[in-house]
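> After the sequence you'll find the predicted model.
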Amino acid sequence: MKLQHLASFALLALSTTAFADGFYGVGEITRSNLSLDRNHFDGALLANGATGLSSSDSGNSTKWRLQGGYRFNPNLAVEAGYIDFGKAKYTASYSGGSAQGSLKAGGVDVAALLSLPLSDSFSVFGKAGVVAAKVDSRLSASGAAVAASGDASTHVVRPLLGVGALYKLSDHVDLRADYDHVSGLGKSDKTGKMGANLFSLGLAYNF
């Protein structure tokens, strides 16, 4: 995908030139809340003979993200990186069988950040960008609907919106917290879709 290649090149360029003023790197632990659209898996099971279907989903994952960025001034920055959204899980039961499924995603993001310094050490920011993600789905079924079992993958480009805050710990190190939202990860006719709410906490290093 052209966007993913461009974002990867941008991240590499940021990391290899990160000894100039304005460049920074970010490492964070993330907690994702994933909302899976069960219609895709439900439909596959029903189409293959499941009756009396009952299903549920869950989607909390602890993962990581890495970002590299350039700050043009105290109010404007651009960054690129990799986000692992984690995995949403699906379970179902029906007459004479059961099924387990999953939907996971990860990809490269590029975003612009607008910051508002509130003091010498604390600032808040908003961000808008896109993420080029690979989405993988898996369904394993037994009994009457065993034919619904299978794997699928797809690539999507989706908008990313977020907010966050920075607290200056030293001249080079900031404590950083982010909240990001991405919807429509996946394709309805191939993998199914999920939305992601991502909470991140980590450190930013200013070169």
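Arrived safely. Residues are numbered from 1 along each chain as shown.
> Give me the buried stretch members for stretch 31-50, please.
Of the residues in stretch 31-50, Ser32, Leu34, Leu36, Asp37, Arg38, His40, Phe41, Asp42, Ala44, Leu45, Gly49, Ala50 count as buried by neighbour count, 16 or more other Cβ atoms under 10 Å. For every residue, glycine as well, the C-beta is placed using N, CA and C.
> wouldn't the fifth one be in contact with Lys89 here?
Which is Arg38. No - with contact defined as Cβ atoms under 8 Å, Arg38 does not reach Lys89; the gap is 11.0 Å.
> Mutual contacts of these two, please.
Each of Asp57 lies in contact with both Arg38 and Lys89 under the rule Cβ atoms under 8 Å, 6 or more residues apart in numbering.
> bridging residues for Val157?
Val157 has these beta-bridge partners by DSSP bridges: Ala132.
> Also Ser102?
Here Ser102, judged by DSSP bridges, has bridge partners Lys89, Arg138.
> I figured it hits Gly86, correct?
No - with contacts counted by Cβ under 8 Å, Ser102 stays clear of Gly86, the gap being 10.2 Å.
> okay, those two: which has more neighbours?
In this view Ser102 and Gly86 are compared by other Cβ atoms under 10 Å, and Gly86 has more residues nearby, 22 against 19.
> measure the more buried one to Phe122 for me?
Look at Gly86 and Phe122: by Cβ to Cβ, to the nearest Å, they are 29 Å apart.
> and Gly43, what element?
Secondary structure from DSSP states H and E places Gly43 in helix 39-47.
> immediately after that helix, which helix or strand?
Toward the C-terminus from helix 39-47 - assigned by DSSP H and E - lies strand 54-58.
> Contact partners for Arg65?
Val26, Gly27, Glu28, Thr30, Gly81, Tyr82, Ile83, Asp84, Leu198, Ser200, Gly202.
> Could you find the closest non-adjacent residue to it?
Counting by Cβ to Cβ, 6 or more residues apart in numbering, Ile83 is the residue found nearest to Arg65 once chain neighbours are left out, at 4.7 Å.
> and the strand or helix carrying the one you found, how far out from the chain's middle?
Element membership for Ile83, per DSSP H and E: strand 76-94. Counting by Cα atoms, centre = their mean, to the nearest Å, strand 76-94 is centred 3 Å from the centre of its parent chain.
> That one to helix 39-47, inter-axis angle?
Angle, strand 76-94 to helix 39-47, by axes from the mean of the first three to the mean of the last three Cα atoms, to 10 degrees: 20 degrees.
> Tell me which residues of strand 76-94 come out buried.
In strand 76-94, counting by 16+ other Cβ under 10 Å, buried: 77-92, 94.
> how far away is the residue nearest to Arg65 from Leu66?
Separation of Ile83 from Leu66 (Cβ to Cβ) stands at 9 Å.
> Distance of the residue nearest to Arg65 relative to Ala148?
Noted for Ile83: a distance of 30 Å to Ala148, by Cβ to Cβ.
> Same check on Gly126?
Remark: distance between Gly126 and Ala148 (Cβ to Cβ) = 42 Å.
> Sounds good, over and out.
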